[in-house]
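**Student:** give me coordinates for this.
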Amino acid sequence: MKEIIRTGRAPEAIGPYSQAVKVGNLLFISGQIPLNSKGDLVKGDIKVQTEQVLENIKGIVEEAGGTMKDIVKTTVYLKDLGDFKDFNDTYRRFFPEDPPARATVEVSDLPKGVDIEIEAIAWIP
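**Tutor:** Residues are numbered from 1 along each chain as shown. Predicted coordinates for the structure are as follows:
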């Protein structure tokens, strides 16, 4: 049975999707962009945007009973792969040991014109 996960620590969905869906021990976190919990766009460089996105993911995974250590896979969408190094500098702080598997791709555009979106899958025992 699936369980819809909602938290006030991340922005509400801006479309017809859930923040996350839990099925058994698996948590599927929808793509997060740099919106704060009030839904306001967080402006700044890729480091600032990445930090907000990962804080959103942290809030969602914790609402589901997990931690960032439970994330097993992320998919990262960047508008400019030239931001890869700066993105990694921030990402590394959220996953200092045994980081999840990851794919990173460059895309032509993202919702609200942001520079980054990250989706995640977690295994919560």
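**Student:** please report how far Thr74 lies from Leu110.
**Tutor:** Computed with Cβ to Cβ, to the nearest Å, the distance linking Thr74 and Leu110 is 15 Å. Where C-beta positions appear, they are placed from N, C-alpha and C, glycine not excepted.
**Student:** among these two, which residue is more densely surrounded?
**Tutor:** For Thr74 versus Leu110, neighbours defined as other Cβ atoms under 10 Å are more numerous around Thr74 (22 against 16).
**Student:** tell me the strands beside the strand or helix carrying that one, with direction?
**Tutor:** Assigning secondary structure by DSSP states H and E places Thr74 in strand 71-78. Sheet pairing of strand 71-78 (DSSP bridges) gives strand 101-106 (parallel), strand 116-123 (antiparallel).
**Student:** CA atoms of the first one as PDB?
**Tutor:** Written as PDB, here are the backbone C-alpha positions of strand 101-106 (Å, rounded to 0.1, in the frame of the first residue of the first chain):
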ATOM      1  CA  ALA A 101      24.200   6.400  -6.300                       C
ATOM      2  CA  ARG A 102      23.600   9.400  -8.500                       C
ATOM      3  CA  ALA A 103      23.000  10.500 -12.100                       C
ATOM      4  CA  THR A 104      23.600  14.100 -13.100                       C
ATOM      5  CA  VAL A 105      22.400  15.500 -16.400                       C
ATOM      6  CA  GLU A 106      22.200  18.800 -18.100                       C
END
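**Student:** buried residues in that strand, which are they?
**Tutor:** Counting neighbours by 16 or more other Cβ atoms under 10 Å, one finds that the buried residues in strand 101-106 are Thr104.
**Student:** can you give me the helices in the chain?
**Tutor:** Counting by DSSP state H, the chain has helices at residues 46-63, 84-94.
**Student:** tilt between the longest one and strand 71-78?
**Tutor:** This points to helix 46-63. Taking axes from the mean of the first three to the mean of the last three Cα atoms, to 10 degrees, one finds helix 46-63 and strand 71-78 inclined to each other by 150 degrees.
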